[in-house]
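[1] Okay, structure incoming, though there's no sequence with it:
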C-alpha cells in the first residue's frame, strides 16, 4: 500500500505497482502480486508492473524462454514454481505480468507446462 | 464508558447519545461477518454497477463482481441496460472474460465458449449447437426424443437493474426494495443535475488494508478533517457546514469560505456535496471542479478493500487543471488511507470491543445502524 514508509518498501521481497493509478503493493508472498494484478486488471484494464523482486532461489536462471525458466526453477520448489516467481524472473526479461500470464496459458495449452497446484507451475 | 471487554458490548443504539452508539468491533474484524455481508448487505441492497455512458451502444458491456456473484452489464438492442449472471444456463460455465467499465466489450450476442450456447442481448437462449438437437453419440436415444430447449426458460439469470440518471445499479435480491426507496432524495437531487453530459475521464483503483466499513465510516464524518486534511480544509467553513442524514443516504455539505465561480461546479449551492449511498457508493460533487467523482468501496476480504475512484468531466481527456484536481483528490485519499490503516491496526489487536461516536458523527451512526439492521435481518 502506498501508506507504508520507505523502510518497509526496501524490506519487501516483492513490490508491484500500477503507474497509472500510482498505487503499489508490497508483499513477501510472490503469488500475491499476481492476485493484485488480477484484481486491479479486472476493474481497470491497467498493466501492473513488478518494481522489485527478490525471489528466494539458489540458482542463476539463465534461460530466456518461459518453459526453460520454469524448468530451471522447479527443482527449488516442492510442488510447483509460484506464478509470482515466474513473473518476477520474466519481468527481468522485459515481460509484463499480463504478458507472462498470457504466455503461461498459451504454453499450458500445448501441454509443456502444468499446474501441480493452483497458480504454481511445473515443466513437462 | 468505554467498552474494552467484549462481554459488555451491545447492538448499535437508536439514540446517538447512548454510549453504545457504534457497531461492535467484532463486526469489522471477524471473518464470518464478511461472508454474512455477501448475502445480507451486498445481496439485498442496490449496488452501484457502473456508468451508462461507457456502454452507450447496443451490445456494449462490462462485468462487475459483487461478493461471489459475477455479472454482465449490457446495453440491449432496445437501448435498455440489463444485467445477468455471467454464468451459462447449460452447465454453469463463466462466459465472458472480466471486462472493466473503462474498457467495455462489444458483441451482438453473448456466447459461452464451453459448448457454444448463444444468448441474445436480452438474455434469451438464441441457439445451441447441433449436438444438442441430435443424439448421434447416444445409442439409447432417438433424435426425435431429444428435448427441445425453450428459449425463454433457458435464458440467462436476470438481475434487477435500475438507474439514477446515468448511474447504473443492480440488486441481487429476488424481491428488492425499490432503488427510489433506498436512494430517497438522493435520486431526485442527482437526476436534477446533468450528470449524463459528463464523460468518464479516469479511474484510479487503490487497495487499502482495512475493513471496508472502516473507510466508509471515515468518509462519512469530518471530525478528523481539521487535523488531517489541512490543505483541503483551508477553503471550507466547517462551522457553517452540515451533515444531512436520510434513511439509506447521507450528504456531507461542506460550505466554501469564499465564493467559487459558478462554472466550477455543477450544482447550485456554494459548497462541496459528498453523497453516501448505503452500503458502499459515493458521489462526490467537489464544488471546485466542473465535474464529479464516484467511489465504490468494494471489500476484497475482511482486511482489505478496493477503492474504485472514477472522475467525470465535460471531456474524456483531462485538462491540466483537471489533472491537478484529480491529484488533490488523490491527496485526500492518501491522507484517509493513512488514517484508516492506522485505525485498523488498533482494531485488529482486539483491545477495543466497541467504539463510541461523537455528536457530529451522526452519519457514521446511521451507517453502523444500517449494518446492524442488515446483520440482524
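    Everything's here; your move. Predicted model only: the values in this text are computed from it and were never measured.
[2] For chain A, which segments count as strands?
    Remark: strands assigned in chain A by DSSP state E are A:14-18, A:23-27, A:49-53, A:81-82, A:113-114, A:120-123.
[3] Which strands and helices lie in contact with the fourth one?
    Packed against strand A:81-82 by the contact rule (3 or more C-beta pairs under 8 Å, 6 or more residues apart in numbering or on different chains; DSSP states H and E) you find helix A:30-44, strand A:120-123. Using the backbone N, CA and C atoms, a C-beta is placed for each residue, glycine as well.
[4] Could you report the neighbour count for residue 26?
    Defaulting to chain A. By the criterion of other C-beta atoms under 10 Å in any protein chain shown, residue A:26 has 21 neighbours.
[5] could you do chain B instead?
    Look at residue B:26: counted by other C-beta under 10 Å, it has 14 neighbours.
[6] Need the contact partners of stretch B:320-336.
    Stretch B:320-336 is touched from outside by A:2-3, A:22, B:201-202, B:204, B:206, B:215, B:218-219, B:228-229, B:231-232, B:284, B:286, B:288-289, B:291, B:293, B:307, B:309, B:311, B:313, B:318, with contacts defined as C-beta atoms under 8 Å, 6 or more residues apart in numbering or on different chains.
[7] Sort out for me which of those are in helices.
    Among those, the residues falling in helices (DSSP state H) are B:215, B:218, B:219, B:228, B:231, B:232.
[8] Name the nearest of those residues relative to residue B:355.
    Ranked by distance to residue B:355 (C-beta to C-beta), the ones in helices among the contacts of stretch B:320-336 are led by residue B:218 at 12.2 Å.
[9] Leaving out the residues flanking it, which one is nearest to the closest one?
    Excluding its sequence neighbours, the residue lying closest to residue B:218 (C-beta to C-beta, 6 or more residues apart in numbering or on different chains) is residue B:340, at 5.1 Å.
[10] how about the residues of chain A that lie near chain B?
    When proximity is defined by C-beta under 8 Å from any C-beta of the partner chain, chain A lies next to chain B at A:1-3, A:18, A:20-23, A:25, A:36, A:39-46.
[11] If we use 10 Å, what do you get?
    Counting by C-beta under 10 Å from any C-beta of the partner chain, chain A comes close to chain B at A:1-4, A:18, A:20-25, A:35-36, A:38-46.
[12] Buried among those? Make that a ChimeraX selection.
    In ChimeraX, a selection of the buried entries from the residues of chain A next to chain B looks like this (16 or more other C-beta atoms under 10 Å in any protein chain shown):
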select /A:1,2,3,18,20,21,23,24,25,35,36,39,40,41,42,43,44,45,46
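[13] What's opposite residue B:168 in the beta bridge?
    Note on residue B:168: beta-bridge partners residue B:50, residue B:163, judged by DSSP bridges.
[14] Let me see the contact set for it.
    Under the criterion of C-beta atoms under 10 Å, 6 or more residues apart in numbering or on different chains, the neighbours of residue B:168 are B:48-52, B:54-55, B:62, B:64, B:73, B:75, B:81, B:83, B:101, B:161-162.
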